[in-house]
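Undergrad: Coordinates for the following, if possible.
(4 chains)
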There are 2 protein chains.
Amino acid sequence: MTSKPRLTAAQRSEQLVEAAVRAFAANGFAGTTTDEVARLAEVSQPYVIRLFGSKQRLFLAAVEHACVRIEQAFRDAAGSGAAELAQLGEAYDGLLANRDLLAVMLHGYAASADPAIGPVVRDGFGRIYRLVRELTGAQPEEAREFLATGMLLTVLAAIQVVGPDAVPPEPWMAELVESFPEKSATDPD
Amino acid sequence: MTSKPRLTAAQRSEQLVEAAVRAFAANGFAGTTTDEVARLAEVSQPYVIRLFGSKQRLFLAAVEHACVRIEQAFRDAAGSGAAELAQLGEAYDGLLANRDLLAVMLHGYAASADPAIGPVVRDGFGRIYRLVRELTGAQPEEAREFLATGMLLTVLAAIQVVGPDAVPPEPWMAELVESFPEKSATDPD
DNA sequence: CAAGGTAGTAATCGACTGATAACATGTCAA
DNA sequence: TTGACATGTTATCAGTCGATTACTACCTTG
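TA: Coordinates of the predicted model:
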């Protein structure tokens, strides 16, 4: 049996950030223990603290990671050259399927009253806004509407109205979900 | 000096819910202690637990209270008879000035993975959606766009891009904020 | 006034958790 | 080989927090 090989601090940190994203996505900053993250990555809890200095810095690393991954998803969806907002919208749907990245962002928004967290979250949000404009050439109004829809979807995923762990839909949920423009299925048949 | 008069349990509970809204709005469910709420309401911490049974039920009461107050704000803005979405939008701006009610909702969304919290938050959200449609006669698509904008504003307030405790605006923030339709100032002059 | 219910507190506890310190183990260059 | 550095753990602590228990003070009503 392959009992954990030793990794470099950089590799282990990377692994821990991914575990942190999963853990913080589920329970938020205050609701997650460093021990949970440690168990997910199969290391000891004190080692997590040693590598990141504090729980707060681990959370910040998770938020930063989520931002970068979201930016990456948009860039990939855009391909080379100009892109349509609809393309980024489909990328967003892809992110919703994972749920973790957007959930971490939501917990970041909620925790932004903390003076150490707010700036990092704001910065990441700003980068995403500017990237949307840059990739699509959208006007501020269009980008704003795009992000607004994104925030609604993020919330709907968090309260389990859409996404993988959605509850059985009540009438208003079905109506609201149906109101979204249909995903243009590039039907290969 | 008027040292606290005795109140009925109902009155004290009401007072505690208001304190809970303020406390939970700032730090969320896991990040808030029952002692903070107790101090805000100037009662002892065990009494808070006695009146509500648990911290979780206190949080649920705060979420429920926030929902009701938001519904009330919409109803007030609509007046009697049919209303425009723009009227509700102004009501939303009024709520943003307080920040607490919408912040509690945001923390509710974030905490909805908890099986005891999710249903309450979903129910409140559903009531607000239906109320918007009912008051304005809006189609699902319009109501969805209205809520999307609301979610974006809620997030922007949480990360201190808009609202009372907004940070000094960076260029992207100014651009994004400017992109919102101007509030139609009913200039009395 | 007696008595019972209601409002509220002080004291305390057990569990949890982030962080520190001391120690162990593996790896690699000279 | 050896020694020095990097990876990782065990043990432990000090503070925090939700909850329980037992108690006190007040008010009402017959």
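Undergrad: Which residue comes closest to the spatially most central residue of chain A once chain neighbours are left out?
TA: Against the mean C-alpha coordinate of chain A, by CA atoms, centre = their mean, the closest residue is residue A:101 at 1.9 Å. Nearest non-adjacent residue to residue A:101, counting by CB to CB, 6 or more residues apart in numbering or on different chains: residue A:66, 4.5 Å away. Just so you know, the C-beta spots here come from the backbone N, C-alpha and C atoms, and that holds for glycine as well.
Undergrad: quick one: pLDDT of that neighbour?
TA: Predicted confidence (pLDDT) at residue A:66: the value is 98.
Undergrad: List the backbone torsions phi and psi for it.
TA: Taking degrees, to the nearest 10, you get phi -60, psi -40 for the backbone angles of residue A:66.
Undergrad: and the gap between it and DNA strand C?
TA: The gap separating residue A:66 from DNA strand C is 19 Å, by CB to the nearest atom of the strand, to the nearest Å.
Undergrad: Quick check: that residue touching residue A:98?
TA: No: the pair residue A:66 and residue A:98 does not pass the contact test of CB atoms under 8 Å, sitting 10.1 Å apart.
Undergrad: quick one: the helix or strand containing residue A:25 near DNA strand C?
TA: Assessed by DSSP states H and E, residue A:25 sits inside helix A:9-31. No: Helix A:9-31 lies out of reach of DNA strand C by CB under 7 Å from any atom of the strand, never closer than 7.9 Å.
Undergrad: Let me see the mean pLDDT of that helix.
TA: 97.
Undergrad: who's in contact with it?
TA: For helix A:9-31, contacts defined as CB atoms under 8 Å, 6 or more residues apart in numbering or on different chains pick out A:7, A:32, A:36-38, A:40-41, A:43, A:47-48, A:51-52, A:55-56, A:58-59, A:61-62, A:65-66, A:99-101, A:103-104, A:107, A:110-111, A:114, A:117, B:27-31, B:110-111, B:113.
Undergrad: before we move on, what about stretch A:78-86?
TA: Stretch A:78-86 is contacted by residues A:77, A:87, A:88, A:132, A:135, A:136, A:137, A:138, A:142, A:146, A:184 when judged by CB under 8 Å, 6+ apart.
Undergrad: What subset of those is buried?
TA: By neighbour count, with 16 or more other CB atoms under 10 Å in any protein chain shown, those hold A:77, A:87, A:88, A:132, A:135, A:136, A:138, A:146 as buried.
Undergrad: burial count for the closest residue to residue A:41 other than its chain neighbours?
TA: If you skip the residues right next to it in sequence, residue A:41 has residue A:19 as its closest partner in space, 4.0 Å away by CB to CB, 6+ apart. Here the number of neighbours of residue A:19 (other CB atoms under 10 Å in any protein chain shown) works out to 21.
Undergrad: Repeat that for residue A:94.
TA: Neighbours of residue A:94 using other CB under 10 Å come to 12.
Undergrad: How about the residues of chain A by DNA strand C?
TA: Residues of chain A lying near DNA strand C (CB under 7 Å from any atom of the strand): A:5-6, A:32-35, A:45-46, A:49-50, A:54-56.
Undergrad: Who wins on neighbours among those?
TA: Ranking the residues of chain A next to DNA strand C using other CB under 10 Å puts residue A:32 first, with 22 neighbours.
Undergrad: what's near enough to touch that one?
TA: So residue A:32 contacts A:23, A:24, A:26 (CB under 8 Å, 6+ apart).
Undergrad: for chain A, which spans come out with low pLDDT?
TA: A:1-4, A:183-189 (pLDDT under 70).
Undergrad: how about a cut-off of 80?
TA: A:1-4, A:80-83, A:85, A:182-189 (pLDDT under 80).
Undergrad: which parts of chain A sit against DNA strand D?
TA: Checking chain A against DNA strand D by CB under 7 Å from any atom of the strand, the hits are A:4, A:6-10, A:12, A:42-47, A:50.
Undergrad: of those, buried ones?
TA: Buried residues within these, counting neighbours by 16+ other CB under 10 Å: A:12, A:43.
Undergrad: ok, residue A:66 and residue A:98, which is more surrounded?
TA: residue A:66 (27 against 16).
Undergrad: which stretches of chain A form strands?
TA: For chain A, no strands turn up when DSSP state E is the criterion.
Undergrad: and stretch A:42-59, is it in reach of chain B?
TA: No: applying CB under 8 Å from any CB of the partner chain, one finds stretch A:42-59 separated from chain B by no less than 11.9 Å.
Undergrad: what sits up against that stretch?
TA: Stretch A:42-59 has contacts (CB under 8 Å, 6+ apart) with A:4, A:9, A:12-13, A:16-17, A:20, A:24, A:29, A:34-35, A:37-38, A:41, A:61, A:111, A:114, A:116-117.
Undergrad: Redo the buried ones among the contacts of stretch A:78-86 as TSV? Include distance to chain B.
TA: Below are these laid out as TSV (distance: CB to the nearest CB, whole Å):
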residue	distance to chain B
A:77	20
A:87	19
A:88	15
A:132	11
A:135	15
A:136	15
A:138	10
A:146	10
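Undergrad: farthest pair in these?
TA: A:77 and A:138 (13.9 Å; CB to CB).
Undergrad: number of nearby residues for residue A:152?
TA: Neighbours around residue A:152, by other CB under 10 Å: 23.
Undergrad: show me the contacts for the closest residue to it other than its chain neighbours.
TA: The shortest distance from residue A:152 to any non-neighbouring residue, by CB to CB, 6+ apart, is to residue B:148 (4.0 Å). If a contact means CB under 8 Å, 6+ apart, then residue B:148 has A:145, A:148, A:149, A:151, A:152 as its contacts.
Undergrad: residues touching the fourth one, list them.
TA: By that I understand residue A:151. Residues in contact with residue A:151 (CB under 8 Å, 6+ apart) are B:148, B:151, B:152, B:154, B:155.
Undergrad: Closest one of these to residue B:170?
TA: Nearest to residue B:170 out of the contacts of residue A:151 is residue B:155 (CB to CB; 16.4 Å).
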